[in-house]
Structure formats: structure tokens, C-alpha cells
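Enquirer: Pasting the sequence and the predicted coordinates here, then a few questions.
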Amino acid sequence: EVQLVESGGGLVQPGRSLKLSCAASGFTFSNYGMAWVCQAPTKGLEWVASISTGGGNTYYRDSVKGRFTISRDNAKNTLYLQMDSLRSEDTATYYCARVGGPFNYGSYFDYWGQGVMVTVSS
Amino acid sequence: DIQMTQSPASLSASLGETVTIECRASEDIYSNLAWYQQKPGNSPQLLIYDANSLADGVPSRFSGSGSGTQYSLKINSLQSEDVASYFCQQYNNYPPWTFGGGTKLELK
């Protein structure tokens, strides 16, 4: 059974940093592209960042470029999102998602974690 | 960026009714479209991919159709467990991968 379990969320002041983790199990992690998708309270879904199987290709939405870094450790079956210079508008639930189909980072998202809340406030 | 416009934003329907949700892309996305269901308090779940392929474990009362810039999700014989928000997403032209604004489905 595919499982994605996020951790690392919480309350943080504007300008500070936070690192999210997503522990994957039930599939060969190194064969799948991965992504982070966020959802502000009572709002819709917004793609944040994606990473290829080996980590060599990364993609970011414009509003987080230069502030967020997506990475992965295939030996630990874990996906990360380093969030620096946080802003109030980054407040959201962050979901880890697997890209549908092996060796593909440009597809739909076939499995999602339960999400982790990040609140940026003074 | 490709803009995805969903309609309606909210919908109220009766048990057993057939419901249709529309999604329009700002340019041709060549059926590279997915639909997700998000029940209250839960994470999104994949329903449909490639515009009309049913994801594993999804009931057959759900179906997707469309081409070019116009797509739709149909729910036949609405059940109480279908109360949720529904989102479309394009993966033809990226980054960014973009979602529709969502449709909130409630029971009448």
C-alpha cells in the first residue's frame, strides 16, 4: 500500500525557516517523480514544486522561487521541502504527492499524503 | 501559464441525480487532464486521468470526457459519500501544473 506521511509543519514567524519531510513507503520511491502541493485555508489547490526521480530536475512556482528548495533522499525514501524567508501568504496545508507513472515528473498526482499545516504569523 | 476555469463553483443535488462539472482550459491541453475528489477534512484523491481513464478503485458512476479546451466530470446516481469538492488539473504544459478553482458539491 502506497503511503506518504508528511511532518515538520507548525507555527513560524515571518522571515523564518521550516523544513517539511515526507516519508514514503509501499512503492519504489526512486522510480517516481514527486511534488508538493499546497492549499490555503478554504481555498483551492496550488502546485508548489516538483522533483525528478534522481533529483537532478526541480521546478518551482514563481512565488516560491529562490525561497523554497525541494529535494529527496532516495536511500531514506524521503522527500523534503526547505522553506526559507516565509511569508504570511505561505500559510497553507502542504501535501506531498506522487507523480503518476514511473520515471515521469510531468503527470498527474496519483497518491497524496494527509497534509501538514504551516502557519506563518507573528 | 494555462488557466483552468471550473464551473459551477458550487452545486446542490439530490441523491440519485446525475451531476456534471465542467472545466475549461485557456488553451488546448490534449486530454492531459485529471480530476480529484477532496472530502471534507481529507486530502485529494485521484478520480480520473488522461481526461477519461478511471483511477484504481474509483466507482464506475464517475466518468470523464472532453477534448481540446473543454472537459467534464459526470457523476451518475449521486451517493451521499460523493459530497466533496472536485478539482481539475492540467499536466500538458508545465511548469506550472495548474488546478481549477474547485466545485463544492452538496446534497439538496
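Expert: All right, it came through fine. As the structure is a computational prediction, the values presented were derived from the model and not from experiment. Numbers count the residues shown, from 1 in each chain, chains lettered A, B, ... in the order given.

Enquirer: right, and residue B:29 touches residue B:90 too?
Expert: Yes - at 4.6 Å, residue B:29 and residue B:90 qualify as touching, with contact defined as Cβ atoms under 8 Å. For glycine as for every other residue, the C-beta is placed from the backbone atoms N, C-alpha and C.

Enquirer: Mutual contacts of the two, please.
Expert: residue B:2 (Cβ atoms under 8 Å, 6 or more residues apart in numbering or on different chains).

Enquirer: ok, these two, which is more surrounded?
Expert: residue B:90 (28 against 24; other Cβ atoms under 10 Å in any protein chain shown).

Enquirer: Name the residues of chain A found near chain B, please.
Expert: Counting by Cβ under 8 Å from any Cβ of the partner chain, chain A comes close to chain B at A:35, A:37, A:44-47, A:50, A:59-62, A:95, A:100, A:106-115.

Enquirer: Please produce a ChimeraX select command covering the buried subset of those.
Expert: Applying 16 or more other Cβ atoms under 10 Å in any protein chain shown to those leaves a buried subset, and the ChimeraX line that selects it is:
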select /A:35,37,45,46,47,50,59,60,61,95,100,106,107,108,109,110,111,112,113,115
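
Enquirer: residue in chain A nearest to chain B?
Expert: Scanning chain A for the residue nearest chain B gives residue A:108, at 3.7 Å (criterion: Cβ to the nearest Cβ).

Enquirer: roughly how far apart are that residue and residue A:69?
Expert: 24 Å (Cβ to Cβ, to the nearest Å).

Enquirer: and if you look at residue B:13?
Expert: 44 Å.

Enquirer: same thing with residue B:102?
Expert: Per Cβ to Cβ, residue B:102 is found 28 Å from residue A:69.

Enquirer: How about residue B:72?
Expert: Applying Cβ to Cβ to residue B:72 and residue A:69 gives a distance of 38 Å.

Enquirer: pull the CA atoms of stretch A:88-97 into CSV?
Expert: Extracted in CSV, the C-alpha atoms of stretch A:88-97 (Å, rounded to 0.1, in the frame of the first residue of the first chain):
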residue,chain,number,x,y,z
SER,A,88,2.1,35.1,5.7
GLU,A,89,0.8,34.2,2.2
ASP,A,90,2.7,30.8,2.5
THR,A,91,0.2,29.8,5.2
ALA,A,92,-1.4,26.6,4.0
THR,A,93,-1.7,22.9,4.3
TYR,A,94,1.2,21.3,2.3
TYR,A,95,0.6,17.9,0.6
CYS,A,96,3.3,15.6,-0.6
ALA,A,97,2.2,13.9,-3.8
